[in-house]
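In: have a look at this prediction, sequence included:
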Amino acid sequence: MTRWPRAAAPAWPVHAATFLVTVTAATAYGISGPHLRPVIFSLVTLVPVATFAGALGVGHLADRRPWLIAAGGLVLLAVSMAFWSDWVSAHHFGRAEGRAADFGIAAAHLLFLAGAGGVLRKHGANDFAGLLDAALFGVCMAGPVWAWLLAPRLTPAATPLGEMLVLADVAVLSAVLGCLVRIGRRVSRARGPIAYLLLCIAATLGAHVTGVLTASHGSAVPSAVLLMIAYLTIAGAALHPAAPMITNPDRPGREVTGKPPLLWMGAALCANPLIAAIQAVRGDQGAGVLLPVGSMLAVPLVLLRLRQMSLLRSEAEQTLAHHAHHDELTGLHNRRHVVAEIDRALADLERGVIDEVTVLLLDLDGFKPVNDRYGHQAGDAVLRTVAARLAEAAAPGDVVGRIGGDEFLVLRRGRAGGDLASRVAGLVGTSIEVGDASVRVGVSAGIASVLRGAGIDRDALIGRADAAMYAQKAAHRKRDREPVLGVG
């Protein structure tokens, strides 16, 4: 499918076009009369809708569903601007009047931001904690901005519902801005379109601030220009050659973790109540709005962060528990676990729970030449393959472990017989692919069993199996049956 523009195309034409269209639109809006300004503004709102439709139509934007949701938000914005054409030009923007237009714009913002969040979800998959912290920081920063910059300058036309909508919009936009900054620091290929999204959010926040500051007396042109910049930078993000990379992280590797910011989360929870208390004491306007809105946004983020920390701790505990009982290289049980299982089996034997305990001790023949010729990575690959084959040969109730180097042990709560040793030797002796080479190793096995009442402890049982294994290894050497290293 044809890409538009091509992914390998330079980005400067997009930058130049965005700049020129923005300057033209801002100039035309500034010099036009009150009847023409709504038309210019409405036409600007259609630009990102058209660019998104074109980019989606030719397949330039990958992962279509979240982009379609974001485009739906843009369509709702354009429809709202067409229906309430005087919302910006007549200076209703920033008055917090709680009109139907305020609901429509807030819903459009949420829809677009939901789509943008879906587009960026892969970038945040390995940094969920960092994104939560960035969002929480944005929400908390919105508190003092609202309390000491915006709320005192609201006009008498402001209503509690309108104030809540403006505050929620500012807080959500601040949270998204923090997340975009966090993501932008960790990406390279998608940095261009993400920068456009950053400009869009920053311009929208700036429009909110200027709209409130100039609501009593001042021109609505600055707010309108900032909003037009926001619309046109959205279009620039869709047109940018690197836009397809937004949905593809540069480094989808290990999760980014760090020290849990408990002090920061505590401060975040206390910030809005403290500001609201100061407002109430001083009798500031909007004292009753910050606490409910700020809490509704901050508390869920803190709870998500605590849940994420709890999950990380649980995963860490499971990992530690796994490493305490398993060999890191092969995934088999380690020596400590195997020894403990032998002790348990012998205790069950003495209590009459089982009738016999068998230990099969194995040592690889011809393993050292593999290490010497192909290196330790090849040796590790051989050990992992042998471990998988041993696990395949063992019965469901057997305990299979690596007890050191190229030595393995199989514990069976019952009689093993010679079939286990012969099956293991057959599986292990099959060729193993190591890069471009094919190698073979053999195995020397020693079996020892103990019946109830024999009075043999774990060391004696392992010693018997060890003696039998070395006897077989000596016989192999004497007959010159050591496996030959073959190259495929």
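Out: Happy to help now that I have it. Residues are numbered from 1 along each chain as shown.

In: use CA for all of it now, contacts and neighbours both
Out: Noted.

In: what's the local residue count around residue 382?
Out: 25 (other CA atoms under 10 Å).

In: so it touches residue 431, yeah?
Out: No. Contact between residue 382 and residue 431 fails when scored by CA atoms under 8 Å: they sit 9.8 Å apart.

In: please, which helix or strand holds residue 400?
Out: In this assignment (DSSP states H and E), residue 400 forms part of strand 399-404.

In: buried ones in that strand?
Out: For strand 399-404, a neighbour-count test (16 or more other CA atoms under 10 Å) marks 399-403 as buried.

In: identify the residues contacting residue 204.
Out: Contact partners of residue 204, counting by CA atoms under 8 Å, 6 or more residues apart in numbering, are 226-227, 230.

In: quick one: which of those residues is nearest residue 245?
Out: Of all these, residue 230 has the smallest distance to residue 245: 21.2 Å, by CA to CA.

In: skipping adjacent residues, who's closest to that closest one in space?
Out: Distances taken as CA to CA, 6 or more residues apart in numbering place residue 200 nearest to residue 230, at 4.0 Å, with adjacent residues excluded.

In: these two touch, right, that neighbour and residue 231?
Out: Yes. Between residue 200 and residue 231 there is a contact under CA under 8 Å: 6.9 Å.

In: quick one: which of those two has more around it?
Out: Comparing residue 200 with residue 231 by other CA under 10 Å, the one with more neighbours is residue 231, at 28 against 25.

In: so the more buried one sits against residue 48, correct?
Out: Yes. With contact defined as CA under 8 Å, residue 231 reaches residue 48; the gap is 6.2 Å.

In: hmm, back to that, what's the spacing between the residue nearest to residue 230 and residue 226?
Out: Distance check for residue 200 against residue 226: by CA to CA, to the nearest Å, it reads 9 Å.

In: could you give me the average pLDDT of the longest helix belonging to the chain?
Out: Using DSSP state H, we find that the single longest helix of the chain is helix 287-325. Averaged across helix 287-325, the pLDDT comes to 75.

In: helices and strands around it, which ones?
Out: Under the contact criterion of 3 or more CA pairs under 8 Å, 6 or more residues apart in numbering; DSSP states H and E, helix 287-325 touches helix 128-145, helix 160-184, helix 262-282.

In: could those helices go into TSV alongside distance to residue 471, mean pLDDT and mean neighbour count?
Out: What follows is those, written out as TSV (distance: least, CA to CA, whole Å; pLDDT from 0 to 100; neighbours: other CA atoms under 10 Å):
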stretch	distance to residue 471	mean pLDDT	mean neighbour count
helix 128-145	57	81	22
helix 160-184	62	85	22
helix 262-282	61	70	16
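
In: a markdown table for the ones you listed, including distance to residue 53?
Out: Formatted as a markdown table, the helices and strands packed on helix 287-325 follow (distance: least, CA to CA, whole Å):
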| stretch | distance to residue 53 |
| --- | --- |
| helix 128-145 | 29 |
| helix 160-184 | 23 |
| helix 262-282 | 40 |
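
In: out of the ones you listed, which gets nearest to residue 109?
Out: helix 160-184 (7.9 Å).

In: okay, the angle between the closest one and helix 128-145?
Out: Between the axes of helix 160-184 and helix 128-145, defined by axes from the mean of the first three to the mean of the last three CA atoms, to 10 degrees, the angle is 140 degrees.

In: following helix 160-184, which helix or strand comes up?
Out: According to DSSP H and E, the helix or strand after helix 160-184 is helix 191-213.

In: so which of the helices and strands packed on helix 287-325 is nearest residue 368?
Out: Of all those, the one in closest proximity to residue 368, counting by CA to CA, is helix 128-145 (45.0 Å).

In: could you say what helices and strands the closest one packs with?
Out: Helix 128-145 packs on helix 160-184, helix 262-282, helix 287-325, going by 3+ CA pairs under 8 Å, 6+ apart.

In: now distance to residue 477 too, for the ones you listed, in JSON lines please.
Out: Formatted as JSON lines, the helices and strands packed on helix 128-145 follow (distance: least, CA to CA, whole Å):
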{"stretch": "helix 160-184", "distance to residue 477": "61"}
{"stretch": "helix 262-282", "distance to residue 477": "63"}
{"stretch": "helix 287-325", "distance to residue 477": "34"}
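
In: quick check, residue 361 in a strand?
Out: Yes. Per DSSP: H, G, I helix; E, B strand; the rest coil, residue 361 lies within a strand segment.

In: once you drop chain neighbours, what's closest to it?
Out: Residue 361 sits nearest to residue 409 (CA to CA, 6+ apart), 4.6 Å away.

In: around the one you found, how many other residues sit close by?
Out: 27.

In: separation between it and residue 394?
Out: 11 Å.

In: need the residues touching each of these two.
Out: In contact with both residue 409 and residue 394: residue 400, using CA under 8 Å, 6+ apart.
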